[in-house]
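[1] got a structure for you, letters missing:
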């Protein structure tokens, strides 16, 4: 693939090997010699960027937390960087590095909460892939038609497999990778390759790229400030929200409907203000995006309970119990046990409210099976037997 590029008249700059080697060595040197304290000053973190430390958007691309992370990125930087440099030259390669590194960090800034840190050159890797994919696909002067199908397929497979793997593991592609890829595609559209006419237009195109990055950064910082405001509304992260926060939270979910935490905080505020129907609506919205959230199912169950919808509450608590029981590995054994115990007690209360006394008794019996001598379950079981002895007299 790469030898065909040089045979077709695309001039490689005399310092191409040197430039590519610099690009490979910088992340390695940073990984080997940078201290932990200095790394904390260079990594991308929203809380610091919104305070004016915008250098983190670029420096984060040179940091790696694990050796495996570093080795994987450097390997792809070697291969894709060398191929790109043969086509666009070492100056444009440097500009591509900066552009895709910034774009990857900006995408992370827009998508991650302020306290989350991100780093690594993966955005640059996808930027290189995006540039090569665009050039091979839409610049026929780079490769003859018969010679470019293989590299196009290789770049497309690289991107698709990467995104599908991330979707499987994380539920979505990594924002920094998406940002780097888009930056690479746009960069390839703007860079001067093959004609003097395109070279004369490079300055306005660079200005357009800088403007786009600047606007994207401002939008990302604005969203970070919204997340920071949510931290002020809920500083403990326990979703203890007063109903006085409802007006501001309504504004946030109107302008940023994708921030699920805002919807959940709004639901809690509604519930604390006894607006149970509004709370249920917000919980349902969150569950439409995160259907496996035990906490949201549980809180929605109590909203149904407080609203007198005991059957719906029982359904919500049953779902919570199912999720807690299905995924015990996510918590310590004792925490899992207590979560299941709390779910069963809530389910028993919902069954009692719906008049399903036998099922409520069954839940308290199951609590006693996993926690023998549980005083609350013992007391409630005795109360239910006294309430309806003929229905609750099934043998233990």
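    Perfect, thanks for sending it. Here the structure is a predicted model, which means the values were calculated and not measured.
[2] what sits against the closest residue to residue 345 other than its chain neighbours?
    Among residues not flanking residue 345 along the chain, residue 367 sits closest, at 6.6 Å (C-beta to C-beta, 6 or more residues apart in numbering). All C-beta spots, glycine's among them, are computed from the backbone N, C-alpha and C. By C-beta atoms under 8 Å, 6 or more residues apart in numbering, the contact set of residue 367 is 341, 344, 345, 348, 374, 377.
[3] pretty sure the third one is touching residue 368, no?
    No: because the distance of 11.4 Å does not satisfy C-beta atoms under 8 Å, residue 345 is recorded as not touching residue 368.
[4] next, show the common contact partners of those two.
    residue 377.
[5] how close does the residue nearest to residue 345 get to residue 374?
    Using C-beta to C-beta, to the nearest Å, one obtains 6 Å as the distance from residue 367 to residue 374.
[6] overlap in contacts, those two.
    residue 341.
[7] hey, where'd the helices end up in the stretch 1-150 of the chain?
    2-7, 16-33, 36-42, 46-49, 56-59, 67-111, 122-138, 145-170 (DSSP state H, counting those that start in this stretch).
[8] and the fourth one, what does it pack onto?
    The helices and strands touching helix 46-49, judged by 3 or more C-beta pairs under 8 Å, 6 or more residues apart in numbering; DSSP states H and E, are helix 56-59, helix 202-233.
[9] tell me where the stretch 251-396 of the chain has helices.
    Using DSSP H, counting those that start in this stretch, helices in the stretch 251-396 of the chain cover 260-272, 276-289, 294-306, 310-326, 333-353, 357-370, 375-387.
[10] show me what counts as buried in the last one.
    Same thing as helix 375-387. Buried residues in helix 375-387, defined by neighbour count with 16 or more other C-beta atoms under 10 Å: 377, 380, 381, 384, 385.
[11] and that helix with helix 357-370, angle?
    Using axes from the mean of the first three to the mean of the last three C-alpha atoms, to 10 degrees, the inter-axis angle of helix 375-387 relative to helix 357-370 is 150 degrees.
[12] ditto for the longest one
    With the same axes, to 10 degrees defining the directions, helix 333-353 sits at 160 degrees from helix 357-370.
[13] deepest-packed of the helices of the stretch 1-150 of the chain, please.
    helix 122-138 (a mean of 26; mean count of other C-beta atoms under 10 Å).
[14] quick one: average pLDDT of that one?
    For helix 122-138, mean pLDDT is 94.
[15] over to stretch 317-331?
    Mean predicted confidence for stretch 317-331 is 80.
[16] domain parsing for this structure?
    As assigned by automatic domain parsing, the chain contains the domains 2-227, 234-291, 308-396.
[17] hang on, the earlier thing: need the buried residues of helix 375-387 in TSV (columns: distance to residue 178 and pLDDT).
    Below are those laid out as TSV (distance: C-beta to C-beta, whole Å; pLDDT from 0 to 100):
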residue	distance to residue 178	pLDDT
377	50	94
380	51	94
381	54	92
384	54	92
385	59	86
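[18] now distance to residue 286 too, for those, in TSV please.
    As requested, the buried residues of helix 375-387 are arranged in TSV below (distance: C-beta to C-beta, whole Å):
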residue	distance to residue 286
377	31
380	30
381	34
384	33
385	38
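[19] for this structure, give me the ranges with low pLDDT.
    Filtered on pLDDT under 70, the chain yields the residue ranges 1-25, 28-32, 35-37, 192-201, 327-332, 388-396.
[20] can you redo the helices and strands packed on helix 46-49 as TSV with distance to residue 185?
    Formatted as TSV, those follow (distance: least, C-beta to C-beta, whole Å):
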stretch	distance to residue 185
helix 56-59	19
helix 202-233	12
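[21] the ones you listed: which one's closest to residue 96?
    With C-beta to C-beta, the closest approach to residue 96 among the helices and strands packed on helix 46-49 belongs to helix 202-233: 10.5 Å.
[22] so what does that closest one touch, helix or strand wise?
    Against helix 202-233 (3+ C-beta pairs under 8 Å, 6+ apart) you get helix 46-49, helix 67-111, helix 175-190, helix 246-255, helix 260-272.
[23] residue 60: which of those helices is closest?
    Closest to residue 60 of the helices and strands packed on helix 202-233, according to C-beta to C-beta: helix 67-111, at 5.3 Å.
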